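A.B. asks: Take this sequence and fold it.
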Amino acid sequence: AVPGGDDLCSAPDGTKMYFIGSGAVWQVNNFAVSKLYDQSAYSMNCDPASGNLYVADAKDYSSPGEVAVYGANGGKITSFEAGI
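C.D. replies: Numbers count the residues shown, from 1 in each chain. Next up, the predicted model:
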């Protein structure tokens, strides 16, 4: 199970940090900051077993949101609808 989300999380091995801001997911690796992908996000977390990022988009807060799952290298794996 993925623990509760936030706007900052680390890779399972502790070598990278991820954060959300300005409509994107960012990565910090060896003190260098780079954009992984454009994605509106309310919250996110990193799966401690796989390293996949789970990024929650609340959309407009009155219709169902979406959770996108990205691999550690930034490729989108899947997405699924979330509740309001």
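
A.B. asks: Please make it C-alpha for all contacts and neighbour counts, starting now.
C.D. replies: OK.

A.B. asks: so where is this structure shaky, pLDDT-wise?
C.D. replies: 1-6 (pLDDT under 70).

A.B. asks: Pick out the residue nearest the middle of it.
C.D. replies: Geometric centre of the chain, nearest residue: residue 55, 3.5 Å, by C-alpha atoms, centre = their mean.

A.B. asks: which residues does that residue contact?
C.D. replies: Shown in contact with residue 55 (C-alpha atoms under 8 Å, 6 or more residues apart in numbering): 41-45, 67-70.

A.B. asks: Relative to residue 19, which of these is nearest.
C.D. replies: Nearest to residue 19 among the contacts of residue 55, counting by C-alpha to C-alpha, is residue 44 at 8.1 Å.

A.B. asks: In this structure that closest one contacts residue 52, no?
C.D. replies: No - using C-alpha atoms under 8 Å, residue 44 is not in contact with residue 52; the gap is 10.4 Å.

A.B. asks: Please identify which of the two sits among more neighbours.
C.D. replies: residue 44 (26 against 22; other C-alpha atoms under 10 Å).

A.B. asks: Distance-wise, check that one relative to residue 53.
C.D. replies: Distance of residue 44 to residue 53, computed by C-alpha to C-alpha, to the nearest Å: 7 Å.

A.B. asks: repeat for residue 80
C.D. replies: 13 Å.

A.B. asks: who has more neighbours, those two?
C.D. replies: residue 53 (27 against 10).

A.B. asks: ok, what's across the strand from that one?
C.D. replies: According to DSSP bridges, the partner residues bridging residue 53 are residue 46, residue 70.

A.B. asks: wait, what's in contact with it?
C.D. replies: So, once contact is read as C-alpha under 8 Å, 6+ apart, residue 53 ends up touching 44-47, 69-72.
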